[in-house]
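Asks: Give me the fold of what follows.
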Amino acid sequence: MSQIMIVDDEVGIRELLSEILAEEGHQVLLAENAESARRLRERQRPDLVLLDIWMPDADGITLLKEWAASGQLTMPVVMMSGHGTIETAVEATKVGALDYLEKPIALQRLLATVKRALRNQELPAAPQLSLATIGRAPALADLRKRLAQLAHSNSHLMLRGERGMQPELFARLLSAPAAPFLADDALLSEASSDLLARTAGGILFVPDLTRLARAEQKGLEFVVARADRHKVRVVCFSPLEPKALIEKVSFDAELVARLAELMVRLPALRDFAEDVPDLATLMLARVVESRASPARRLSSAALNALRYHSWPGNLAELESVVKNLALSALEEEIALADVERVLAAHAPAATHPGLALDRPYREAREGFERIYFENLLAQEHGSMSRVAERSGLERTHLYRKLKALGLPVGRREES
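Replies: Modelled structure (predicted):
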């Protein structure tokens, strides 16, 4: 028995389709508008959705796009409309709809479409995490614009940044939708013309140059030497600067120069903390949609606590924490106490690796201040009034200090 969700603002349509599908042995879920469909989708994983395009609160195309962006488009969707056009049908299928039904819907057409949708073997799986729709923070928004501009270049590109940044997410922003994108270090150990042919017109991504063995470095040399001929672009990530790759990892200087034709630095997660709630929500949706955990949602307090954590392990740490929360929370709503429990378990020993005592006085002081205020913001979950009280600073001075240190400003609404 399949579970089918019907989303339509006309009660007569809902009742008619529900009766027909129930007689066919299906379990039917009903939603009268986009908002009720959102809530229902958060709790259920239907096998098929029949989605009306024209609804009073939001159109079906918008809802379809929301599900696609949030990782919830894991079922076939058939659009319905009594005022449809070819352009609307084409747009719906581009977003992810499987088919289109025009009202009034003929019985045989309905049943045939439902049958085909339910046996369709190309159902969209929960997508990989994408940064394409995220970028509230200036640091991430600016980087996305820069990468969009560089996507039109054929030059090799080196991404630089801290470990744990999951650089493949950024590299994929450079890739055209249908172009090849290969990201497997193992392929380099046996680099050949076949590898170049498979990547032709696309991107070969190297996740971490510092982890390449000598044989893989040689394979990379092979690829780079022939990349232009095959229209292959090499994009790589390195936590070390080019000079250190040569001195510490024994990379060939000429190869490093070719790989670093263009360089872009990735901001650390703490530099785009405003986007942590959106990232955490998407990561949680991926865990739930993979059926690794029951339905879960993050409370506002939980999201706020995640935002003000310092994330020394960057995106990799955030993803690990979110997965832990999804699997270990006892209630459907993940609460602040859950976040505090998991963050405490993930916390390293009480050391301050960012506090280098061999720096000049001004840099060392700034490093201490950053650690100090990151800690207070995390403990007080972004409450500026409590951070001001505990630090002994006047609120205006505190805002200026956090801005100078590049830290997110907390909740201003508190008195």
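Asks: you'd agree L376 is up against R390?
Replies: Yes: the pair L376 / R390 is scored as a contact, 5.9 Å apart, by Cβ atoms under 8 Å. Yep, even glycine has a C-beta here, placed from its N, CA and C like the rest.
Asks: More neighbours: which of those two?
Replies: Taking other Cβ atoms under 10 Å, L376 and R390 do not tie; L376 has more neighbours (21 against 12).
Asks: Return the distance of Q27 relative to M1.
Replies: 6 Å (Cβ to Cβ, to the nearest Å).
Asks: quick one, which of those two is more surrounded?
Replies: A direct count of neighbours by other Cβ under 10 Å for Q27 and M1 places Q27 higher, at 14 against 8.
Asks: can you give me the helices in the stretch 51-200 of the chain?
Replies: Taking DSSP state H, counting those that start in this stretch as the test, the helices found in the stretch 51-200 of the chain are 60-70, 86-95, 107-119, 138-150, 168-171, 193-199.
Asks: quick one: buried residues of the last one?
Replies: Read that as helix 193-199. By 16 or more other Cβ atoms under 10 Å, the buried positions in helix 193-199 come out as 195-196, 199.
Asks: Ok, the second one next?
Replies: Judged by neighbour count using 16+ other Cβ under 10 Å, the buried positions of helix 86-95 are 88-89, 91-92, 95.
Asks: To I334, which of the helices of the stretch 51-200 of the chain lies closest?
Replies: Of all these, helix 60-70 sits nearest to I334, with 16.2 Å by Cβ to Cβ.
Asks: contacting residues for S175?
Replies: Going by Cβ atoms under 8 Å, 6 or more residues apart in numbering, S175 touches 151, 181, 202-203.
Asks: Which one of those residues is nearest to L405?
Replies: Once Cβ to Cβ is applied, the member of these that ends up nearest L405 is A151, at 32.4 Å.
Asks: tell me the contacts of that closest one?
Replies: Contacts of A151 by Cβ under 8 Å, 6+ apart are 173-176.
Asks: for this protein, where's the lowest mean pLDDT among helices and strands?
Replies: Least confident helix or strand of the chain, by mean pLDDT, DSSP states H and E, is helix 86-95 with a mean of 76.
Asks: Now do that helix and helix 60-70, the angle between them.
Replies: Put simply, helix 86-95 runs at 10 degrees to helix 60-70, going by axes from the mean of the first three to the mean of the last three Cα atoms, to 10 degrees.
Asks: Leaving out chain neighbours, which residue sits closest to V28?
Replies: Ranked by Cβ to Cβ, 6 or more residues apart in numbering and with sequence neighbours excluded, the top spatial neighbour of V28 is S18, at 4.6 Å.
Asks: same question but for A215, I mixed them up
Replies: Of all residues not flanking A215 in the chain, S189 sits nearest, at 4.8 Å (Cβ to Cβ, 6+ apart).
Asks: Spit out the contact partners of the one you found.
Replies: Counting by Cβ under 8 Å, 6+ apart, S189 has contacts 213, 215-216, 219.
Asks: Please pick the buried ones from these.
Replies: Counted by 16+ other Cβ under 10 Å, the contacts of S189 give 216, 219 as buried.
Asks: Quick check: the farthest pair among the contacts of S189?
Replies: A213 and G219 (9.5 Å).
Asks: can you give me the strands in the stretch 201-350 of the chain?
Replies: Here the stretch 201-350 of the chain has its strands, by DSSP state E, counting those that start in this stretch, at 203-206, 233-238, 262-265, 297-298, 333-334.
Asks: and the ones you listed as a markdown table, adding mean pLDDT?
Replies: What follows is these, written out as a markdown table (pLDDT from 0 to 100):
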| stretch | mean pLDDT |
| --- | --- |
| strand 203-206 | 96 |
| strand 233-238 | 97 |
| strand 262-265 | 97 |
| strand 297-298 | 94 |
| strand 333-334 | 96 |
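Asks: what about the residue nearest to Q166 when sequence neighbours are not counted, distance to A34?
Replies: Sequence neighbours aside, L315 is the residue nearest to Q166 in space, at 4.5 Å (criterion: Cβ to Cβ, 6+ apart). In this view, L315 and A34 are 31 Å apart by Cβ to Cβ.
Asks: quick one: terminal-to-terminal distance for stretch 168-177?
Replies: One end of stretch 168-177 sits 15 Å from the other (Cα to Cα, to the nearest Å).
Asks: average pLDDT across that stretch?
Replies: Across stretch 168-177, pLDDT averages out at 94.
Asks: need the longest helix for this structure.
Replies: In the chain, assigned by DSSP state H, the helix with the most residues is helix 361-379.
Asks: Make CSV from the buried residues of helix 86-95 and add distance to A69 to it.
Replies: Shown next, in CSV, are those (distance: Cβ to Cβ, whole Å):
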residue, distance to A69
T88, 20
A89, 21
E91, 16
A92, 15
V95, 10
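Asks: Highest mean neighbour count out of the strands of the stretch 201-350 of the chain?
Replies: Of all the strands of the stretch 201-350 of the chain, strand 203-206 has the most neighbours on average by mean count of other Cβ atoms under 10 Å, namely a mean of 26.
Asks: For it, C-alpha coordinates in PDB please.
Replies: Once non-C-alpha atoms are left out, strand 203-206 reads as follows in PDB (Å, rounded to 0.1, in the frame of the first residue of the first chain):
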ATOM      1  CA  ILE A 203      36.100  19.500 -13.100                       C
ATOM      2  CA  LEU A 204      38.500  17.100 -11.400                       C
ATOM      3  CA  PHE A 205      38.400  18.000  -7.700                       C
ATOM      4  CA  VAL A 206      41.200  17.100  -5.400                       C
END
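Asks: Name the residues that touch that strand?
Replies: So strand 203-206 is contacted by 168, 171, 174-175, 179-183, 185, 188, 195, 212, 220, 223, 227, 232-237 (Cβ under 8 Å, 6+ apart).
Asks: Off-centre distance for it?
Replies: Relative to its chain's centre, strand 203-206 lies at 19 Å (Cα atoms, centre = their mean, to the nearest Å).
Asks: Could you check how far R211 is from A186?
Replies: As judged by Cβ to Cβ, R211 and A186 stand 12 Å apart.
Asks: Neighbour count for those two, which is higher?
Replies: Applying other Cβ under 10 Å to R211 and A186 shows that R211 carries more neighbours, namely 12 against 8.
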